[in-house]
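K.L.:
got a predicted structure here, sequence first:
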Amino acid sequence: NPARLGEVQITRGCPRGCKFCSITPETFRSIPLDVIKKEVEVNLRGGIRRVEFITDDVMLYGSQKLRTNHDAIVKLFTEVMGMGVDGIWFPHISAPAVRESPKTVRAMSEIARYDVDRAAAPVVGLETGSVKIMEKYMSAKAFPWTPREWRDVIIDATGIMNDNYIYPCYTMTIGYPEETEEDLKQSIDLVQSIIDHKFTAWVFPLPVIPISTTYIAKNPYPKPETLPEGYWDLLYISWVYNFKVTRELVPILTGGIRNNLVKRLVVTMINKTFSNLEEIFRALKETKGEYSKTFSNVNLNSVMGVIKAIYWLIRLSAKPI
């Protein structure tokens, strides 16, 4: 039977060793190309022409010791596209690998035929702007660079991705026990740098969850009242920018709607909804989270649904070849 949404796994696990991540304990391995192609063939026979690579970092396919294997990735994309598929997308990519090998990102984009109407919007770990937090919880996150170079890695990688029609959905992990207001200020400064460069990117600050299979399983579960006050400032500037970026992409996201009346209605609803949400995030910022108590149920992780929605809106709006 064909896989849902054309999903085909190309890697398993992640060797970066971030302590908050449940993927870390998995032994990293790349799936052989012949196995991948057999899975694609099954999907094609089932009528699914678009391929969704399942991976925690597409740039690590065929890699050794976290170094990008350009030839392996180019061969993977070339041979799969050569099977007659309509496109290749992927859910995750890492900023350091992008910065290390811009030519690989460019090749992926050209082979998969990304453009304004066929963009990719993978989830990318931004995590924090704090050197202290990075060094303790994710010391290899920036490899082959150091945590102190993280800002430059992010800015350079975002520019490379945008140049190749890849629009990152950045996720951040906030609320470590020793995280201070100064750490939050460094994270805010990093996000502000992304905003100042006017990149097409989204930023989602998420409370770090002590998953039972991670190295931080015994950390306390974050609550609105225990998060640093700076979290609410970070949340506000991030979401205001998210709304701005999404509004700019509305013409592309609604490009498939042929009925002009329906299209105008959708755009109007988006604008009104975003305006209302902006007021909510402003209130959260001004009250340092106290406003959240006015809601009957606040799920700080519901943002993951928004991330997935953006990813699929971008993918589903892609015009066929």
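P.N.:
Thanks, I have the structure now. Numbers count the residues shown, from 1 in each chain.

K.L.:
using CSV, list the CA coordinates for the helix or strand hosting Lys136.
P.N.:
Lys136 belongs to helix 131-137 when assigned by DSSP states H and E. Only the C-alpha atoms of helix 131-137 are listed here, as CSV (Å, rounded to 0.1, in the frame of the first residue of the first chain):
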residue,chain,number,x,y,z
VAL,A,131,25.6,30.8,24.5
LYS,A,132,25.3,29.4,28.0
ILE,A,133,22.2,27.4,27.2
MET,A,134,23.7,26.1,24.0
GLU,A,135,26.9,25.0,25.6
LYS,A,136,25.1,23.0,28.3
TYR,A,137,22.2,21.5,26.4
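
K.L.:
next one: the spatially most distant residue from the centre of the chain relative to Tyr215, how far apart?
P.N.:
In the chain, the residue that sits farthest from the middle, by Cα atoms, centre = their mean, is Leu261; the gap is 32.6 Å. Note on Leu261: its distance to Tyr215, by Cβ to Cβ, to the nearest Å, is 54 Å. Any C-beta I mention is one placed from the backbone N, CA and C, and that applies to glycine too.

K.L.:
could you do Met59 as well?
P.N.:
Separation of Met59 from Tyr215 (Cβ to Cβ): 24 Å.

K.L.:
quick one, which of those two is more surrounded?
P.N.:
Neighbour tally, Met59 and Tyr215, criterion other Cβ atoms under 10 Å: the higher count belongs to Met59, 27 against 16.

K.L.:
picking that back up, list the buried residues of the helix or strand hosting the residue farthest from the centre of the chain.
P.N.:
Using DSSP H and E, Leu261 sits in helix 260-286. Neighbour counts over helix 260-286 (16 or more other Cβ atoms under 10 Å) mark 263, 267, 270, 274, 281, 283-285 as buried.

K.L.:
swap in stretch 74-90?
P.N.:
Using 16+ other Cβ under 10 Å as the test for burial, stretch 74-90 gives 74, 76-77, 80-81, 85-90.

K.L.:
out of these, which two sit at the greatest distance?
P.N.:
Greatest spacing in the buried residues of stretch 74-90, by Cβ to Cβ: Val74 and Asp86 (19.4 Å).

K.L.:
hang on, the earlier thing: just give me the closest of the buried residues of stretch 74-90 to Ile133.
P.N.:
Nearest to Ile133 among the buried residues of stretch 74-90 is Phe90, at 27.1 Å by Cβ to Cβ.

K.L.:
wait, what's in contact with that closest one?
P.N.:
Counting by Cβ atoms under 8 Å, 6 or more residues apart in numbering, Phe90 touches 52-53, 55, 58, 120, 122.

K.L.:
report how many residues lie close to Ser193.
P.N.:
That count, for Ser193 with other Cβ under 10 Å as the rule, works out to 16.

K.L.:
if we can go back for a sec, which strands and helices lie in contact with the helix holding Leu261?
P.N.:
helix 230-253 (3 or more Cβ pairs under 8 Å, 6 or more residues apart in numbering; DSSP states H and E).

K.L.:
let's have the buried residues of stretch 74-90 in CSV, adding pLDDT and secondary structure.
P.N.:
Putting the buried residues of stretch 74-90 into CSV (pLDDT from 0 to 100; DSSP: H, G, I helix; E, B strand; the rest coil) gives the following:
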residue, pLDDT, secondary structure
Val74, 99, helix
Leu76, 99, helix
Phe77, 99, helix
Val80, 99, helix
Met81, 98, helix
Val85, 97, coil
Asp86, 94, coil
Gly87, 95, strand
Ile88, 97, strand
Trp89, 96, strand
Phe90, 97, coil
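
K.L.:
pipe those into CSV and attach distance to Tyr291 per row.
P.N.:
Formatted as CSV, these follow (distance: Cβ to Cβ, whole Å):
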residue, distance to Tyr291
Val74, 50
Leu76, 47
Phe77, 46
Val80, 48
Met81, 49
Val85, 47
Asp86, 45
Gly87, 42
Ile88, 42
Trp89, 37
Phe90, 37
